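> The sequence isn't on hand, but the structure is:
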């Protein structure tokens, strides 16, 4: 059996290695357009920033090591131009000499990945604009960033690549402006949770420009000018485009294979295309989103590796199915961590899902043990069957651990209230006896069983000016240092039992504290005394983060724009 693989990296390389472990006699050939067949794609921004210092550390396998260990024929700098399905051949060009030839196959695996989106705007072809996809791109960006006279960079796009590139270039000492089309970075999470990242990025010196749609570019004598709709331009020495990727499916399309969402390659759960002798894996394919059940393009290394394994197993006549992905992800943002899984509120609303949500702010470990830091966790679930739809967490220590627990619970089909019963490891340096994941379950249980009613940031404007009483139950010192708009009354929770006579039972009460815990306790007191009470999810900590992010974003528009030099 002869298996040809188009593209290496996560999907193609893992398929080749798995297939060899299953079939020692198969002939396996990998064609890779770049000079690197298997590399740490997710590590590329960290080479740009000098965190990874040796370029050799980016390479997981070389053509030589693949040959020695797996007996795989790897041909780098070789581009597959077309697929002849009738002849079961691919047309190939050796990029080092231009020679073209045909290579036959019994089974073909497509792992072409995704290419960076370059918008159709004025000046997008400037030599001062870079994109990041390959190892070679990484070297070019680092060389440009370290060149004499380069002191500033504009990064366009606030997704994974944009944020990681911005952070690493900032760590190299450049002035960095990050330009994001929408009102918050990281589109898989919601704006309220992203607000914490905005503050952190600005604290570390990123000039963050939200609500800034790109119009185009202009080369200048000093560098490049980024044109932004309804705002002054940003000028920098170089620019990095990171506004997203699109499936590299041209080979499949020209070969007449069925395409899926967003122009991706359509595959079944065995990773087979519409041609039973051709498989496809990685960023170029559409797979099942296990939360919505719909087809989606999920460009992540973990799913790509698993898909490569599934394709190899089926080629080796092992019936293996790929079940789909709920897109669990984690991202370093300077000293902060952002992690998320499943869908966000925007997606849930668009799908017409009847969902609920809880937002809590627990400590990473026992409060009495030194070093604990607060994280914010937001979890969405269905109001009908309590299915977990998604989770978003920002914080410091322990964020990835909690996200992975929730992701595992989702895959296992657990409900949000099942999280309360999880038996998780505890010691003071690592967690609390009631782990933050357990606390999500407790709060969701209270909400779903009607023990507490919640309100959210977006509800506050409609409450101001009504007969509702907006009550802050923090200490007087906390209240004096800052409180939410409209929350003109302060009764500390520990004084509440003695001061209930100050409150009017005929008016609804909307309570806020720092994290949502004390206001929940206050709501339980008041509800049992006949008050109509609501608790603010996330607390003043969340409210102030959102407000600060909105103020800083308004300042981007109203306070003038400076050159980032």
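Alright, I've got the coordinates. None of these values were measured; they are calculated from a predicted model.
> Would you confirm that residue 392 contacts residue 190?
Yes. If you go by Cβ atoms under 8 Å, residue 392 and residue 190 touch, sitting 6.5 Å apart. (Glycine included, C-beta is placed from N, CA and C.)
> Overlap of the contact sets of the two?
344, 378 (Cβ atoms under 8 Å, 6 or more residues apart in numbering).
> which of those two has more neighbours?
Legend: neighbour count by other Cβ atoms under 10 Å for residue 392 and residue 190, higher for residue 392 (27 against 22).
> phi, psi of that one?
Per-residue torsions, residue 392: phi -140, psi 130 (degrees, to the nearest 10).
> low-scoring stretches of the stretch 251-400 of the chain, by residue?
Within the stretch 251-400 of the chain, no range satisfies pLDDT under 70.
> need the strands for it, in chain order.
Along the stretch 251-400 of the chain, the stretches classed as strands by DSSP state E, counting those that start in this stretch are 265-266, 278-280, 285-288, 295-296, 329-333, 336-342, 355-360, 376-382, 388-395.
> before we move on, what about the stretch 401-550 of the chain?
Going by DSSP E, counting those that start in this stretch, the stretch 401-550 of the chain shows strands at 454-455, 469-472, 489-490, 509-512, 533-536.
> quick one: the residue sitting furthest away from the middle of the chain from residue 408, how far?
In the chain, counting by Cα atoms, centre = their mean, residue 501 sits farthest out from the average C-alpha position, at 48.4 Å. Counting by Cβ to Cβ, to the nearest Å, the gap from residue 501 to residue 408 is 49 Å.
> so residue 415 bridges to which residues?
Under DSSP bridges, the beta-bridge partners of residue 415 are residue 387.
> what number of residues lie near it?
Neighbour count for residue 415, taken as other Cβ under 10 Å: 18.
> my guess is it contacts residue 386, does it?
Yes. The pair residue 415 / residue 386 is scored as a contact, 3.8 Å apart, by Cβ under 8 Å.
> Helix or strand with the lowest mean pLDDT in this structure?
strand 38-39 (a mean of 74; mean pLDDT, DSSP states H and E).
> centre of the chain versus it, how much separation?
22 Å (Cα atoms, centre = their mean, to the nearest Å).
> got a list of contacts for it?
So strand 38-39 is contacted by 8, 9, 13, 58, 59, 60, 61, 62, 66, 135 (Cβ under 8 Å, 6+ apart).
> try 7 Å
Contact with strand 38-39 is made by 8, 9, 13, 58, 59, 60, 61, 135, as judged by Cβ atoms under 7 Å, 6 or more residues apart in numbering.
> Could you count how many residues lie near the closest residue to the fifth one other than its chain neighbours?
Read it as residue 59. Nearest residue to residue 59 in three dimensions, chain neighbours excluded: residue 39, at 5.3 Å (Cβ to Cβ, 6 or more residues apart in numbering). Neighbours of residue 39 under the rule other Cβ under 10 Å: 24.
> close enough to count as contact, residue 492 and residue 477?
No. Between residue 492 and residue 477 there is no contact under Cβ atoms under 7 Å: 9.5 Å.
> More neighbours: these two, which one.
residue 492 (18 against 8).
> roughly how far apart are the residue nearest to that one when sequence neighbours are not counted and residue 138?
The spatially closest residue to residue 492, leaving aside those adjacent along the chain, is residue 475, at 5.2 Å (Cβ to Cβ, 6+ apart). Distance, residue 475 to residue 138, by Cβ to Cβ: 51 Å.
> Could you check which of the two is surrounded by more residues?
Using other Cβ under 10 Å, the more surrounded residue of residue 475 and residue 138 is residue 138, with 25 against 17.
> which element is that one on?
helix 135-145 (DSSP states H and E).
> Would you mind listing the outside residues contacting that helix?
In contact with helix 135-145 (Cβ under 7 Å, 6+ apart) are residues 34-36, 39, 44, 47-48, 58, 130-132, 150, 153, 169, 172, 174, 238, 240.
> Let's see which of those residues end up in strands.
Judged by DSSP state E, the subset of the contacts of helix 135-145 located in strands is 39, 130, 131, 153, 238, 240.
> Can I take it that residue 14 is in a helix?
Yes. Checked against DSSP: H, G, I helix; E, B strand; the rest coil, residue 14 lies within a helix.
> so it sits right up against residue 309, yeah?
Yes. Look at residue 14 against residue 309 with Cβ under 7 Å: they come within range, at 5.9 Å.
> Which one's more surrounded, these two?
The neighbour comparison of residue 14 against residue 309 (other Cβ under 10 Å) goes to residue 14, with 25 against 22.
> Look up how far residue 416 lies from the closest residue to the more buried one other than its chain neighbours.
Once flanking residues are discounted, residue 14 sits nearest to residue 308: 3.6 Å by Cβ to Cβ, 6+ apart. Distance of residue 308 to residue 416, computed by Cβ to Cβ: 33 Å.
> How about residue 355?
Distance from residue 355 to residue 416, by Cβ to Cβ: 10 Å.
> Repeat that for residue 497.
32 Å.
> Between those two, point out the one with more neighbours.
Set side by side, residue 497 and residue 416 show more neighbours around residue 416, with 29 against 11, by other Cβ under 10 Å.
> Got the phi and psi for the more buried one?
With angles defined as degrees, to the nearest 10, residue 416 sits at phi -70, psi -30.
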